[in-house]
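Visitor: Need coordinates for the following:
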Amino acid sequence: MGMNEKYTTSFAAVAVLAFTFLLFSPTLTFDFVNWDDDVYVYDNVRAYEFSLTGLLWFFVNPYFHSYTPVTMLSHAADIALWGLRPAGHHLTNVLLHALNALWMFVLCLQVTTIALAQRIENLQRTTVACFIASALFAWHPLRVESVAWISDRKDLLCLFFLLPSAFSYIASRQATASAQRSRRYAVSLILFLLACLSKPAAVTFPLVLLVIDWVGLKRSGFAALAKEKLPFFVIAAAISVTAIAVAPPTSGSDMFAILSPLQRILLPFSNIITYLEKTFVPANLSPIYPLEGEGRMAVSFVLFGIITTAALFAARKGKRAALATWAAFVMLLLPSSAAVQAVMQTTADRYTYLPSAALSVAAGTGLAVLLDRFRRTSERRVATTALLVVVAFLAFLTERQQRIWANPETLWNRAIALYPTIPLPHNNLGLALQTRGEFSRAKQEYARAIELKPDYVEAYVNLGNVLFSEMNWREAERMFHRAAELAPRRGEVYNNLGILANAQGNSLDALYWLRKSVEVDPTYAQGYFNLGALYARMGNTAAATEALQQAARLGHLEAQVRLKQEGVNW
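Guide: Purely as a prediction, here's the structure:
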C-alpha cells in the first residue's frame, strides 16, 4: 500500500469515527427514560458499589434475568464517574458506537482486501467502498435505539468486542509464524468471551467464523475447521446454558403468552424478514411494535424460503457470497429470535445491531466490485456521489429518529402515535406524567392501559400509587388488591398494601402485608427495609435489625447506611 493509499485509508477511518460521534452527539442532552434505565442505572443499587467485591458480584450472580457482567460493570463505572448525570451515560454509548463504526471500517477493509485483492485494480476504491459500508451501518436509523437508549449498552459492548475478535481471527489464519498465529487466535478468543459476557447473543459467532473460513479465506474441510474452533464453541455452550438458566419463565412473558401455536413457529422467520425490510425501508420505527398476524407471518415464512433457496442456488453456481451473507445475518439474529419467548417484546430495532454487521461487510465487498466495474472516472464519481447521497439521507433520518428518545414523554407519545392500541406506552407515559405531578393525565393513561389489557399488573400498581398520593385510599386499595389477584407472587403489591395500611394507622395490617411481601419474594429488598422500619416504630428492635440486615444484604443502600450508623454488621 503506497503513501497515498495509506493517507486515504487513515482519512476514511477518522472520518467515519468523527462523523458517527457528531451524528449521535445530540443524545448527550437527553434524559434517562423510564424503560429499564431505572433497573440498569439509577435504581440499580448493585452498580453503586464500585469496589472489587461489588464488581465481582456481577460475575457470580445474574442480574434482571440475564447474565451480562461486563455490561453491568460499564454501568457501575459510569455511575462512579458521572453519578446520575444522564450526559455521561449517553457519552459512553456514543463513544462505543463511534468505535464500532471504526471497527466496522477495519473489518470491511480486511475482508474486502482479502476477497478481492486480485480483482480490484485500485485499492483506494476499496477504501471508499468500505467507508460507505461502515457509514451505512453506523448512520442507519435502526441504530438509534441501541445508541440513544442507555439500557441497550449490552449491544454496543457486544459488537465492540465481537468485531475486533473477527479481524483478529482472520489475522491469525493469515499469519505465517506459529507463535504469531497462536497469539492472534488467543486475542480473538478472549474478545469473543468478553462479547458473550456483554450480551449472550454473541454465542452464534463461532458459526459466523466458519462462514468467514468458507467464503472469505477460501478454506475447506468442515470437520477440521470446526475442531479448530472448539474453544469458541465451549465458551458459547457455557454462556448459552447460563443464559437459559437465568432467563425468566415463558409464562412471565405478557407478549409470548398470547401467541398462537402457529405464531410461535413462524415468529423467528417473520422477524428476520421484518428486520430486512426495515433495513431497506426504515419507516415508522418505534420503541415497541404490535404482534403481527398469522397471515403476514406466513408470507414472511415464504419470503424466507425464497431468499434461502436463491442463495443456495447461487452457491451451487460458485457464487457463495450471497449465501454467506444471508447465513451470517440469520445466525446473528437467532439468539434474539429465540429470546423473545422470555421477554415482553417480540420485535425491536436493537435486535438488528449485531446482524447488520454481516450486511455491512457484504456491502463493502459488493460496492468495491461495483466501483471497479466503472472504467471511466466520471462514472465512478457519479456512482460514489449517489451512494454518499443515500448515506446522507440515512443520517438525516437518524438525526430525526433520535429526537423521540429525548425524554420519556417524547418516547411514549411517539409510540402511541404509531401504535395506539399497545398498552405499555400508555402505562409508561403515565409514569412520566406522574413524575411531573400531572396526576389527572397519568390516571387517564393508566386507565387506557388497563382498558387495552385488563390483566396489566403494572398499570394497576401505578394507578394505585397515584390514588394513594391523592389520599384516595379506598380506590388505591382496590387497585392493589386487583394487582395481587393477577400477580400473587409479586412482593411490591403487598408492600404497597402495607404502606397504605400504615398510612391509615393500621399497624397490624401493615405488618401482615409487609411480611407477606418478603414471604412471596425473599429477594425483595424494599419490603425488608419497610418491614424493619415498621418494627422499629413498634419498638421491636431485634426484629427491626434483622429485617434491615436482610435488606442490606440484598443491596438496599439506605438500609446499609442506617446499619453502618448504628455500628451493626450485615
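Visitor: Look up how far residue 201 lies from the spatially most central residue of the chain.
Guide: Most central in the chain under CA atoms, centre = their mean is residue 152, positioned 3.7 Å from the mean C-alpha point. Counting by CB to CB, to the nearest Å, the separation of residue 152 from residue 201 is 12 Å. For glycine as for every other residue, the C-beta is placed from the backbone atoms N, C-alpha and C.
Visitor: list the contacts for the residue nearest to the centre of the chain?
Guide: By CB atoms under 8 Å, 6 or more residues apart in numbering, the contact set of residue 152 is 93, 145, 146, 350, 353.
Visitor: continuing past the helix or strand hosting residue 164, what's the next helix or strand?
Guide: According to DSSP states H and E, residue 164 maps onto helix 153-174. On the C-terminal side of helix 153-174, the closest following helix or strand by DSSP H and E is helix 178-198.
Visitor: residue boundaries of the helices in the stretch 201-350 of the chain?
Guide: 205-211, 222-228, 230-246, 261-280, 294-316, 321-339 (DSSP state H, counting those that start in this stretch).
Visitor: in the helix holding residue 164, what counts as buried?
Guide: The neighbour-count check on helix 153-174 (16 or more other CB atoms under 10 Å) flags 153-173 as buried.
Visitor: Over to stretch 85-101?
Guide: 86, 89-101.
Visitor: ok, the residues you listed vs residue 464, which is closest?
Guide: Distance to residue 464, by CB to CB, is smallest for residue 86 among the buried residues of stretch 85-101, at 28.6 Å.
Visitor: What separation do you get for that closest one and residue 488?
Guide: From residue 86 to residue 488 the distance is 36 Å (CB to CB).
Visitor: Tell me if I am right that residue 552 is in a strand.
Guide: No: under DSSP: H, G, I helix; E, B strand; the rest coil, residue 552 falls outside any strand and is assigned helix.
Visitor: give me every residue that touches it.
Guide: With CB under 8 Å, 6+ apart, residue 552 has these contacts: 559, 560, 563, 570.
Visitor: what's the third one in contact with, if anything?
Guide: Residues in contact with residue 563 (CB under 8 Å, 6+ apart) are 545, 548, 549, 552, 569, 570.
Visitor: For it, pull up the helix or strand it's in.
Guide: Residue-wise, residue 563 maps onto helix 557-565 under DSSP H and E.
Visitor: Can you give me the buried ones in that helix?
Guide: Buried, per 16+ other CB under 10 Å, within helix 557-565: 559, 560, 562, 563.
Visitor: what distance separates it from the centre of its chain?
Guide: Helix 557-565 has its C-alpha centroid displaced from the chain centroid by 33 Å (CA atoms, centre = their mean, to the nearest Å).
Visitor: got it, and stretch 496-513?
Guide: 39 Å.
Visitor: contact partners of it?
Guide: 461, 464-465, 468, 473, 476-477, 480-481, 484, 494-495, 514, 516-517, 527, 530-531, 534, 537-538.
Visitor: now, which of those lie within strands?
Guide: Among these, no member falls in strands (DSSP state E).
Visitor: Just the buried residues of the residues you listed.
Guide: 461, 464-465, 468, 476-477, 480, 484, 494-495, 514, 516-517, 527, 530-531, 534.
Visitor: State the pLDDT value of the nearest residue to residue 308 once chain neighbours are set aside.
Guide: Leaving out its chain neighbours, the residue that sits closest to residue 308 by CB to CB, 6 or more residues apart in numbering is residue 326, at 6.8 Å. Here the pLDDT value assigned to residue 326 is 97.
Visitor: Residue 47 contacts residue 82, doesn't it?
Guide: No: with contacts counted by CB atoms under 8 Å, residue 47 stays clear of residue 82, the gap being 11.8 Å.
Visitor: out of these two, which sits in the busier spot?
Guide: Each of residue 47 and residue 82 has its neighbours counted (other CB atoms under 10 Å); residue 47 has more, 25 against 15.
Visitor: Can you give me the distance of the more buried one to residue 147?
Guide: 20 Å.
Visitor: ok, now which ones touch the closest residue to residue 125 other than its chain neighbours?
Guide: Excluding its sequence neighbours, the residue lying closest to residue 125 (CB to CB, 6+ apart) is residue 371, at 4.5 Å. Taking CB under 8 Å, 6+ apart, we find residue 371 in contact with 125, 128, 129, 380, 383, 384.
Visitor: Next one, pLDDT for residue 371 please.
Guide: 86.
Visitor: Residue ranges in the stretch 451-570 of the chain under the pLDDT threshold?
Guide: In the prediction, the stretch 451-570 of the chain carries no residues with pLDDT under 70.
Visitor: before we move on, the earlier item: with distance to residue 445 as new columns, can the buried residues of helix 557-565 be given to me in a markdown table?
Guide: Below are the buried residues of helix 557-565 laid out as a markdown table (distance: CB to CB, whole Å):
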| residue | distance to residue 445 |
| --- | --- |
| 559 | 33 |
| 560 | 35 |
| 562 | 36 |
| 563 | 39 |
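Visitor: which residues touch residue 282?
Guide: Residue 282 neighbours (CB under 8 Å, 6+ apart): 140, 141, 142, 394, 397, 401.
Visitor: Of those residues, which belong to helices?
Guide: 394, 397, 401 (DSSP state H).
Visitor: From residue 140, how far off is the last one?
Guide: Here the distance between residue 401 and residue 140 works out to 10 Å (CB to CB).
Visitor: For residue 525, list the residues it contacts.
Guide: 45, 550, 551, 554, 555, 556, 559.
Visitor: mind running it again at 7 Å?
Guide: 551, 554, 555, 556 (CB atoms under 7 Å, 6 or more residues apart in numbering).
Visitor: Most neighbours of all those residues, which one?
Guide: Going by other CB under 10 Å, residue 551 tops these with 28 neighbours.
Visitor: can I assume that one is in contact with residue 557?
Guide: No: between residue 551 and residue 557 no contact is recorded; they are 9.6 Å apart, counting by CB atoms under 7 Å.
Visitor: Report all helices and strands that the lengthiest helix in the chain contacts.
Guide: With secondary structure taken from DSSP H, the chain has its longest helix at helix 86-116. With contacts taken as 3 or more CB pairs under 7 Å, 6 or more residues apart in numbering; DSSP states H and E, helix 86-116 sits against helix 3-24, helix 69-82, helix 123-138, helix 144-148, helix 153-174, helix 355-373.
Visitor: Mind listing what's buried along stretch 415-424?
Guide: 415, 416, 418, 419, 422, 423, 424.
Visitor: returning to what we had before: who does the helix holding residue 164 touch, helix- and strand-wise?
Guide: Counting by 3+ CB pairs under 7 Å, 6+ apart, helix 153-174 packs on helix 69-82, helix 86-116, helix 178-198.
Visitor: CA atoms of that helix as CSV?
Guide: Taking C-alpha atoms only, helix 153-174 is exported to CSV below (Å, rounded to 0.1, in the frame of the first residue of the first chain):
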residue,chain,number,x,y,z
ARG,A,153,-25.4,-0.7,26.3
LYS,A,154,-25.2,-4.5,26.0
ASP,A,155,-25.5,-4.5,22.2
LEU,A,156,-22.9,-1.7,21.8
LEU,A,157,-20.4,-3.5,24.1
CYS,A,158,-21.0,-6.9,22.5
LEU,A,159,-20.2,-5.6,19.0
PHE,A,160,-17.3,-3.6,20.4
PHE,A,161,-15.6,-6.9,21.3
LEU,A,162,-17.0,-9.0,18.5
LEU,A,163,-15.7,-7.0,15.5
PRO,A,164,-12.1,-7.0,16.7
SER,A,165,-12.5,-10.7,17.5
ALA,A,166,-13.4,-11.3,13.9
PHE,A,167,-10.4,-9.4,12.4
SER,A,168,-8.1,-10.9,15.0
TYR,A,169,-9.3,-14.3,13.9
ILE,A,170,-8.8,-13.5,10.2
ALA,A,171,-5.3,-12.2,11.0
SER,A,172,-4.5,-15.4,12.9
ARG,A,173,-5.3,-17.5,9.9
GLN,A,174,-3.1,-15.4,7.7
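Visitor: Cool, thanks, signing off.
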